[in-house]
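1. Here is a sequence with its predicted model. Questions after.
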Amino acid sequence: MTGLKQLIKDKARQLGFFLAGATLPNPPPHYSTFEHWLAQGHHGNMNYLATEKARVRRANPREILPECKSILVLATPYDSPLPLGEGLGVRAGVRVASYARAEDYHNIIPARMEELVRFIEEQVQRPIKNRYYTDTGPILERDLAQRAGIGWIGKNSCLINPKQGSYFFISEIFLDLELEPDTPFVTDHCGTCTRCITACPTDCILPNRTLDATRCISYLTIELKDDIPVELREKIGNWVFGCDICQMVCPWNRFAPEGDPAFLDKEPLPPPTGELTLTPQAFNQRFKRTPVSRAKRRGYLRNVAVALGNTGDTHALPVLQNALNDDEPMIRNHAQWAIEQINKRASEQSL
C-alpha cells in the first residue's frame, strides 16, 4: 500500500492539500487532556463539545466509522495576516482573522475531499466507506494530525509544521482502506519560547497547551452569543472576528507559504463606522459565504462597537449614538459602553 499512499498524497497536493499523512483510528492519547479541559469549563458555552455522544466519538474514532482502517489527515494553507496598516486584511482600523477574510473554507474543502475519495476508489476499483470533516466532526483534529506526522501541538494549542508554520486548515478522511501509517511527529520545537503566551492580550493560553476559551478573543468574537465580559472588552482591541496574535508572534510562521488562491481576500470592507449601520439584509448579503456569518449580525456589530470604543475616536460617536436605536439589545448595550469609553478617554486627554 506504500505506492498507493504516495499516489493519494500526490493527488492531495494537486487538490490544494499541501500536507498529508495517514494514521490509525486508535483512541487519541491526549483524550484525557480534553476531558480535563471540559471539566474545568474552559469550553465556555460551546456545549456541543460536551455532549455524551460527541465525547464517546472523540474517545474512539471507530465510533464514527466502525469499518475505518485508516485516517487521512490533510492541511490546506491560507494567507498569513498582514501587519497592521497594510493591505486588505486590515479593515480600516479593525482586524479580521486571516482565515476569515474570504470564502468560507467549509464551502471549498469538503468538495476537494470528496474528489480525493473518488480518486482513491478509482485506484482500488471498489467503493470505499468513508467520512470526512474539516472542523466539523467529533474528533481531536490536532491529535490525529500529530499522529499522522503533520506537526506538533504548540504552546498556543495550534498545530505547527517546522517547514510550513501554522496558517493552515486541518481536515480528515476516515477510510475503510488500510494505509501504512506515517511516523508520528513526536518532537517539540517550541523549546523555551513563550512569545505566544506573552503576546496574548487576554492571558488565555494555559500551561498544558490548551486555551481557556472563555478568555480567547476568537471565542469572544465568534462563539460567545451573549455580552462580552466588561473586563475583557478593552483587551480585545480592534479584532472584530477572530484573532491571529498568537500565530503572528510565532517564529515558525516565518516559513509560512502563500495561501491557497481560493482563500484570498478579494474585497475590502468599509470603515467600521459603516459596518455598524449594516441592516440584517445587508449583513447576510455581504457575509453569507464567509466565516463572518457565524457570528451573525448581532455578534458582529457587537464586536464592531467594542472595537470602536477601543479606538477612542470621537468621530465614531454619531454612528454609535445611532446604534443605541438598534433592535438588538446586545448591540445597544455594547454601543453604550463604547460611547462611555470614548468620552472617558476624551475627558482624560483634555485634562
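-> Done, it's in. Numbers count the residues shown, from 1 in each chain.

2. Centre of the chain to the helix or strand hosting residue 299, how far?
-> Element membership for residue 299 (DSSP states H and E) is helix 296-311. From the chain centre to the centre of helix 296-311 is a distance of 19 Å (C-alpha atoms, centre = their mean, to the nearest Å).

3. I would like the residues contacting the helix or strand following it, please.
-> Using DSSP H and E, the helix or strand that follows helix 296-311 in sequence is helix 317-323. By C-beta atoms under 8 Å, 6 or more residues apart in numbering, the surrounding residues in contact with helix 317-323 are 273, 276-277, 301, 305, 308-309, 331-332, 335, 338-339, 342-343. Bear in mind the C-beta positions are built from the backbone N, C-alpha and C, glycine included.

4. one more time with 6 Å, if that's ok
-> 273, 276, 331, 335, 338-339 (C-beta atoms under 6 Å, 6 or more residues apart in numbering).

5. Just want the angle from the helix or strand following it to helix 296-311.
-> Following helix 317-323 in sequence order, the next helix or strand is helix 329-350 (DSSP H and E). Interaxial angle, helix 329-350 versus helix 296-311 (axes from the mean of the first three to the mean of the last three C-alpha atoms, to 10 degrees): 10 degrees.

6. What is helix 329-350 packed up against?
-> helix 296-311, helix 317-323 (3 or more C-beta pairs under 6 Å, 6 or more residues apart in numbering; DSSP states H and E).

7. Now do the contacts for residue 249.
-> 195-196, 199.

8. If we use 8 Å, what do you get?
-> Here residue 249 is in contact with 195-196, 198-199 (C-beta under 8 Å, 6+ apart).

9. With residue 196 instead?
-> Contacts of residue 196 by C-beta under 8 Å, 6+ apart are 154-156, 205, 245-247, 249-250.

10. do the same with residue 47
-> Residue 47 makes no contacts at all, as judged by C-beta under 8 Å, 6+ apart.

11. separation between it and residue 56?
-> 16 Å (C-beta to C-beta, to the nearest Å).

12. Now residue 273: closest residue in space that isn't a chain neighbour?
-> Closest residue to residue 273 apart from its sequence neighbours, by C-beta to C-beta, 6 or more residues apart in numbering: residue 319 at 4.4 Å.

13. Just give me the neighbour total for the closest residue to residue 237 other than its chain neighbours.
-> Leaving out its chain neighbours, the residue that sits closest to residue 237 by C-beta to C-beta, 6+ apart is residue 310, at 5.7 Å. If you count neighbours by other C-beta atoms under 10 Å, residue 310 ends up with 21.

14. tell me the SS of residue 292?
-> Local secondary structure at residue 292 is given as helix here, using DSSP: H, G, I helix; E, B strand; the rest coil.

15. which residues touch it?
-> Residue 292 touches 96, 100, 241, 300, counting by C-beta under 8 Å, 6+ apart.

16. Widest-spaced pair of those residues?
-> 100 and 300 (11.0 Å; C-beta to C-beta).

17. Now do the shared contacts for those two.
-> 241, 292.

18. What is the least confident helix or strand in this structure?
-> strand 90-91 (a mean of 38; mean pLDDT, DSSP states H and E).

19. Now the element after that one, going C-ward?
-> That would be, after strand 90-91 and using DSSP H and E, strand 94-96.

20. Please enumerate residues in contact with that next one?
-> Under the criterion C-beta under 8 Å, 6+ apart, residues 81, 84, 89, 237-244, 269, 272, 275, 292, 304, 307 lie in contact with strand 94-96.

21. Output the contacting helices and strands for the very next helix or strand once past that strand.
-> Heading C-terminal from strand 94-96, the first helix or strand you meet, by DSSP H and E, is helix 109-124. Applying 3 or more C-beta pairs under 8 Å, 6 or more residues apart in numbering; DSSP states H and E, one finds that helix 109-124 makes contact with helix 2-14, strand 70-77, strand 130-133, strand 168-175.
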